[in-house]
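K.L.:
Just need the structure, nothing else, for what follows:
(one chain, ligands or ions: 3)
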Amino acid sequence: RTLEGPVEDPSVTLFREYLRINTVHPKPDYGEDGGGWGGVCQGRVVLVLTWQGTNPNLRSILLNSHTDVVPVFEEHWTYPPFEAVKDSQGNIYARGAQDMKCVSIQYLEAIRRLKAEGKCFARTIHLTFVPDEEVGGHKGMEMFVQRPEFKALNVGFALDEGLASPSDTFSVFYGEKSPWWIKVKCMGSPGHGSRFISSTAAEKLHKVISSFLAFRESEKQRLKSDSSLTLGDVTSLNLTMLEGGVSFNVVPSEMAAGFDIRIPPTMDLKAFEEKIAAWCRDAGDGVTYEFLQKCMDQHITSTEESNPWWKAFSGVCRDLKLQLKLEIFPAATDSRYIRAAGHPAIGFSPMNRTPVLLHDHNEFLNEQVFLRGIEIYACLLPALASVPPLPSEG
Ligand SMILES: CSCC[C@H](NC=O)C(=O)O
Ligand SMILES: [Zn+2]
Ligand SMILES: [Zn+2]
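P.N.:
Ligands and ions are numbered 1, 2, ... in the order given. This is a model prediction of the structure:
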């Protein structure tokens, strides 16, 4: 369905076709048999496409993107989220329009153009299309980087997703916050709901929540009071889950709270965990915590001129007069597994003049912004794939 004129760039058509494949959690359609690699991870497909370089011994460029998307609340959408409707302004509406099916197609279309122009480069370029990023990547990129198939890619430098930017500038991410998901369980005395039971689970949970949320408030204020800070520079914390209770007149013996915490790479993780342990200890006996996500990796990618990959990336952006804003990614992407495996990685989705709508209702991307992104990659890839041999490459 299109509400616009008939002539459409074939790259846009391909993008819209991809958006119509329903790869939404919890049951993403990853393709035909979904055999995965050697059946290690049933139903999850990692697709690798390779454009061989003229010097295949050199380390490669990895263009990574995830194929899954997050769920939708369809009743809040103006257009159906898996139809990729384009309105009269050229805005393409679909789940995944920003996160990150645009980037997958932009990689492919940039390479298609370079090949059509007869170009070839010293370094090999690999594209990886990975599943399950939106649920933590544990059966996707986290596993894949451990596999011999990944090691065989001989990665030198990787690109992965970033975020849209409403202004003229482009956001570029050289590191990410560590996600910690913590469940705090409080045990207490049960009894009749009409009595003043002492040492209840609820009283302890109240203390736990107060401590966690007081820290949240102080980080929120720190961000607000210093204009040089972005969301990537402070620790975010949210109470996202509550559990407990069986009946209105029964004081429960157990209650739990779940917190989503995102910690900047500059934070001392060990000291922070000690702080959490103290908050739990101070709430009374029978208060324990467990981790459901605990990322301990704090690698960041150098954005110094001395990093030849960054020099190539930023040099192209300078030539194209793209204004870059360097940030720490406020949430988590598969880049953290690439960086943890020891490879420099930059998070970049070339979407300026675009509201940040990932995971939101009415996610869209304008076709002109999308097409400009292809041109940007068509300039970035030659530079990255032509980075001269590094000292370590002999
Ligand atoms: C911590 S695993 C979940 C990863 C997820 N990534 C994108 O939104 C996120 O919540 O950041
Ligand atoms: Zn994403
Ligand atoms: Zn996402």
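
K.L.:
which other helices and strands contact the helix or strand containing residue 143?
P.N.:
According to DSSP states H and E, residue 143 maps onto helix 141-144. If contacts are counted by 3 or more Cβ pairs under 8 Å, 6 or more residues apart in numbering; DSSP states H and E, helix 141-144 sits against strand 125-130, helix 335-340. To be clear about C-beta, it is placed using only N, CA and C from the backbone, and glycine gets the same treatment.

K.L.:
Columns mean neighbour count and distance to residue 203 on top of those, output as CSV?
P.N.:
Formatted as CSV, those follow (neighbours: other Cβ atoms under 10 Å; distance: least, Cβ to Cβ, whole Å):
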stretch, mean neighbour count, distance to residue 203
strand 125-130, 22, 45
helix 335-340, 25, 37
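
K.L.:
Show me which residues of the stretch 1-150 of the chain sit near ligand 1.
P.N.:
134, 136 (Cβ under 6 Å from any ligand atom).

K.L.:
what's the distance between whichever residue of the stretch 1-150 of the chain sits closest to ligand 2 and residue 190?
P.N.:
Proximity of the stretch 1-150 of the chain to ligand 2 (Cβ to the ion) peaks at residue 99, 4.1 Å away. Distance, residue 99 to residue 190, using Cβ to Cβ, to the nearest Å: 45 Å.

K.L.:
the more surrounded of those two?
P.N.:
residue 99 (26 against 15; other Cβ atoms under 10 Å).

K.L.:
residues contacting that one?
P.N.:
Neighbour list for residue 99: 69-70, 161, 358-359, 363 [criterion: Cβ atoms under 8 Å, 6 or more residues apart in numbering].

K.L.:
Relative to residue 91, how far out is it?
P.N.:
From residue 99 to residue 91 the distance is 16 Å (Cβ to Cβ).

K.L.:
same question, residue 205
P.N.:
Distance from residue 205 to residue 91, by Cβ to Cβ: 45 Å.

K.L.:
For this structure, which helix extends over the most residues?
P.N.:
Longest helix of the chain, by residue count under DSSP state H: helix 201-225.

K.L.:
Excluding chain neighbours, what is closest to residue 328?
P.N.:
residue 232 (3.0 Å; Cβ to Cβ, 6 or more residues apart in numbering).

K.L.:
Stretch 263-275 and ligand 1, any residue contact?
P.N.:
No - Stretch 263-275 is not in contact with ligand 1 by Cβ under 6 Å from any ligand atom; minimum separation 11.5 Å.

K.L.:
in that stretch, what's buried?
P.N.:
263-265, 269, 272-273 (16 or more other Cβ atoms under 10 Å).
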